[in-house]
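K.L.:
fold the following.
(2 chains)
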Amino acid sequence: MKGCIFNIDAGYLEGLCRGFKCGILKQSDYLNLVQCETLEDLKLHLQGTDYGTFLANEPSPLSVSTIDDKLREKLVIEFQHLRNHSVEPLSTFLDFITYSYMIDNIILLITGTLHQRPISELIPKCHPLGSFEQMEAIHVAATPAELYNAVLVDTPLAPFFVDCISEQDLDEMNIEIIRNTLYKAYLEAFYDFCKQIGGTTADVMCEILAFEADRRAIIITINSFGTELSKDDRAKLYPRCGKLNPDGLAALARADDYEQVKAVAEYYAEYSALFEGAGNNVGDKTLEDKFFEHEVSLNVHAFLQQFHFGVFYSYLKLKEQECRNIVWISECVAQKHRTKIDNYIPIF
Amino acid sequence: MGSLFRSEEMTLCQLFLQSEAAYACVSELGELGLVQFRDLNPDVNAFQRKFVNEVRRCDEMERKLRYLEKEIRRDGIPMLEIPGECPEAPQPREMIDLEATFEKLENELREVNQNAEALKRNFLELTELKHILRKTQVFFDEMADPSREEEQVTLLGEEGLMAGGQALKLGFVAGVILRERIPAFERMLWRACRGNVFLRQAEIDTPLEDPSSSDQVFKSVFIIFFQGDQLKTRVKKICEGFRATLYPCPEAPADRREMAMGVMTRIEDLNTVLGQTQDHRHRVLVAAAKNIKNWFVKVRKIKAIYHTLNLFNLDVTQKCLIAECWVPALDLETIQLALRRGTERSGSSVPPILNRMETLEDPPTYNRTNKFTFAFQNLIYAYGVATYREVNPAPYTIITFPFLFAVMFGDLGHGALMAAFGFWMCYKEKPLQAKKIDSEIWTIFFGGRYIILLMGLFSMYTGLIYNDIFSKSLNIFGSAWRNNYNQSTLESNKMLQLNPDSDAYTQTPYPFGIDPVWQLAEANKIIFMNAYKMKISIIIGVFHMLFGVCLSLWNHLYFKRRISIYVEFIPQILFLVLLFFYMVLLMFIKWTSYGPNAAHLGSDDPEIVKTSAYCAPSILITFINMMLFKTDPNTRPQCNDNMYAGQIGLQKFFVIVALMCVPVMLFGKPYFIMKEQKERARQGHQTIEGAAENGAAGGAALPPPQHHDEDITEVFIHQAIHTIEYVLGSISHTASYLRLWALSLAHAQLAEVAWNMLLRKGLMSRDFEGGIFLYVVFAGWAAISVSILVLMEGLSAFLHTLRLHWVEFQSKFYSGEGYLFQPFSFEVILDSAGQGEE
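P.N.:
You can find the predicted model right below:
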């Protein structure tokens, strides 16, 4: 039934989004890109794709950072266009997507101010999708409580922050904990929101978000080895909406080294496959890349179904992956470091 | 000639160009626009081609030009159109000059802009400071105001009491902030400082210019009072976070006044400097604006040439470039000439070589058009591009299209409106074209201006035939009917008949079109017009389709498909003629042999009754009976069963022959193809045997004949579909032409409604109010006439005509499986570039 009336509000945008998705670079494009000798070649080839003239007004010589900026700018314009034309509940859904960028921006700014960087230097590094009005005044705050009371209380992130209010000073460790707690709260809220929308959206998005939650749990565990983070504190950071919940998370909370994490993942078919192929040797793909690959395939699958919001999320994620790929290739081209140029993650 | 009826004959040519002369030659060919180059290295990446560096340099030049253009637009300087001719593509060595010019201009402009921006920033700061000084004066005045003393005390109450007499030691900062950020700023201040600050703000009324984007922005002056250093750093941080600019503001009124004076003088100084900078910038831009269009054309031409050169192959010695291109066979001379010109221009000694090549590929379809035939050709292309050398329906469409349209749109008045509009567009063609109006609807109308003109003229003609002008009639020649009833009969009867057998009819028909008397026949006007228009539609339709089938004969003859003539064309035309053309003949027989007879007014002679309207059979029933082999005796006494002697037998013969055509259409072609394949297989067998016998004589001398055996079942299915389509099609298509009648009826009725419901009401009253009323009503009637009757009805009639051409007419002969000839032409490239820019 939902599918019947979906097109009234979101049909145009879904069509638009699917159109945008068709512009994502294909394997053959990547094969051409990796053959480029200079960034000018890269620009010339990208002109033949959907990116068109996005670099046409840039004076030579190009730098990787301009390419990165322009790629991001194009993506942001497309996303903002979708957001501006959307109505409830799609607009809330799209807003939810931007919250994760807000979290990243906040953490970036706090870390930056902690290291005595001037705020004007940090602002351009923030993701434009996650910018909000009070963002630049964030360095007023010295403790999480102040951060909440002065800055975040007006932002949509306020409900996620409730768990991290404390009077401790902000230090490196604290910030990491804040980031992960925020992210946990955000993921769970997003998960619940998608559940509440129901229908195909819930089917598709819950799958993707569950993976996202599990990935965070696994990465947090692996990264926490050898730090002063206690196991109890660690367990508090796990987002509880993934497939690992609750048994897997409990097992992860007890883990002491990489092998134990791997043993936990053994119980879950899709994750054990990821751990199987990963390694730190030359030629092996890292676990991170494996996760990215899995994420890409999940996002590509989202397009197989119609009449749901997952396509917007997936489109953004795929496009981000594409930007990472292009930037990676451009870096390799610019630094003449061609041995690792094939380490991009193809999408189609 | 010949290109109008069939597409141009194309040949594939190989072109050997000397490296030095290639550029000039391609440039000449681009001006000519008659050559379509093929990509000879489709596997090579865009950035691995030979002239990629030149293309890149052109891109760079274009970027600089775009930058210049943007700046010129920003200052609103008009860019001069190129007077007269387009500039030719410059020589490659001129490219360096151009590059240098652009480089210089861009750098100069950037420098000027940078200076201007710095100056503007300075200016902005000073203006902001000026506003601060002015606005804060009010705040300070308020503070100093003795009547406000009390308020001040309460304001500073808590802290003032604690700190004793330190109330005046309050610190403050003053600054300027974007107006829309004020609410969030205020809230943040309150939260972060726990309400221990006091903010006053005032709006700056005039918008200020943002130096980096040169937008006009509204800002507000604020002043924040606080106490203590800790709060100060905090407030400053927040100000920084909200991009507020802070300015020093002295506390003492005298200092402030002095500062204000200083600021004013500095602003004045800056103004003069700024003016000079702007003047300089303006001069640079005006100079650039004179040439910029010209430069754009040049750079685009160079780029197009190098793009084309990238399609070429390099030969082994690297001395010459090899190109392959499609060329209209008739234009080979012109192309040779252009190539020679190019060689001369480049000063090369070796002439380029143009070789014709044999190819099995399908050449592109190219129909030469002029501005008149262009629109009609496009109507055809909209359905599908003609297969190479197939009969082109466009020339016939030039007449049939407006005519069929007019049959539906027949109204002298509406037609005249349409023709006038079309004529205006054709008459003002050049000025209108030069205007370059971008509206899509206008482009459609303007592109079809000749179609509109013709449709209008033809509608006027059919309007005269229907004797219909805004739903009224013209009595030009005097009606052939007269009223024989006396006054009392007329008054006592609501409805009276005029009998054509009586002397109410002069026995000589109205010389042209419908007699105007029908306009008065309220009871049977529609019945009469329907009978007439329906028959006319069918007659036109059958002739139109017969013509289409005949065109297929031209195709078969041209492509030498002898079998198709015997097993497709002949049965098809027999089928159509024996059934539908026969029906048309019956109509004519009915028209000529039945009706009132002048010699026997009111006679009861049985011979005469048999040819009177009383005995006229229904054509439709006759035709249905013919198909069903049924004889339906004429139910009316005294009448003949048949229209002519031997009708039943002849009709049976016709139907049987027509039905026998169907299996011929169905199985004829597959049978012959099958036979041919068997024959060929046997012959192939023999030649192989023969070759084996001959031994050395055979071998590579004869290449195997190029043919591919189609799957025979596929041929059957294909043929079955075609046959079914044709047989069912001829019935449904004939019926489909009845839309001519239906739309014409609808149009006439709508026009009548508009007249009766609106204008007639206005014409009825006799007083002077009637004049005023008429004035109002006419506006409504005119609006409805134009918007609904001319525009909407015109559109609907247009679409129906289009359908009649695409489906009913073209399905008889047109396959439309070709692809369009897209020559390399500067004109097209510049046009599309110009459009993309806007």
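K.L.:
list the buried ones in stretch B:53-62?
P.N.:
For stretch B:53-62, the buried set under the neighbour-count rule, 16 or more other C-beta atoms under 10 Å in any protein chain shown, comprises B:Glu54, B:Val55, B:Arg56, B:Arg57, B:Cys58, B:Asp59, B:Glu60, B:Met61, B:Glu62. Heads up, the C-betas are built off the backbone N, CA and C, glycines and all.
K.L.:
ditto for stretch A:293-307
P.N.:
A:Glu293, A:His294, A:Glu295, A:Val296, A:Leu298, A:Asn299, A:Ala302, A:Phe303, A:Phe307.
K.L.:
relative to chain B, how far out is A:Leu13?
P.N.:
Taking C-beta to the nearest C-beta, to the nearest Å as the measure, A:Leu13 and chain B are separated by 24 Å.
K.L.:
need the three-state assignment for the residue nearest to A:Arg216 when sequence neighbours are not counted.
P.N.:
Nearest residue to A:Arg216 in three dimensions, chain neighbours excluded: A:Pro239, at 5.7 Å (C-beta to C-beta, 6 or more residues apart in numbering or on different chains). Of the three states, A:Pro239 takes coil under DSSP: H, G, I helix; E, B strand; the rest coil.
K.L.:
could you give the number of residues near the closest residue to chain A within the stretch 401-550 of chain B?
P.N.:
Nearest residue of the stretch 401-550 of chain B to chain A (C-beta to the nearest C-beta) works out as B:Glu440 at 20.1 Å. Per other C-beta atoms under 10 Å in any protein chain shown, the neighbour tally for B:Glu440 reads 8.
K.L.:
could you do the one 10 residues further on as well?
P.N.:
By the other C-beta under 10 Å criterion, the neighbourhood of B:Tyr450 contains 20 residues.
K.L.:
out of everything not next to it in sequence, what's closest to it?
P.N.:
Spatial nearest neighbour of B:Tyr450, chain neighbours left out: B:Phe372 (5.2 Å); criterion: C-beta to C-beta, 6+ apart.
K.L.:
thought the one you found was touching B:Arg449?
P.N.:
No: between B:Phe372 and B:Arg449 there is no contact under C-beta atoms under 8 Å: 9.7 Å.
K.L.:
could you list every helix and strand in contact with the one helix or strand B:Ala751 maps to?
P.N.:
Assigned by DSSP states H and E, B:Ala751 falls within helix B:739-754. Helices and strands touching helix B:739-754, by 3 or more C-beta pairs under 8 Å, 6 or more residues apart in numbering or on different chains; DSSP states H and E, are helix B:394-409, helix B:525-558, helix B:793-803.
K.L.:
that helix vs helix B:525-558, what angle?
P.N.:
If you take axes from the mean of the first three to the mean of the last three C-alpha atoms, to 10 degrees, helix B:739-754 sits at 150 degrees to helix B:525-558.
K.L.:
how far does helix B:739-754 sit from its chain's centre?
P.N.:
28 Å (C-alpha atoms, centre = their mean, to the nearest Å).
K.L.:
what's the answer for stretch B:319-336, then?
P.N.:
The answer for stretch B:319-336 is 32 Å, by C-alpha atoms, centre = their mean.
K.L.:
can you pull the residues of chain A lying near chain B?
P.N.:
Chain A comes close to chain B at residues A:32, A:35-37, A:40-41, A:44-45, A:47-48, A:56-60, A:119-120, A:133-141, A:146, A:149-151, A:153-154, as judged by C-beta under 8 Å from any C-beta of the partner chain.
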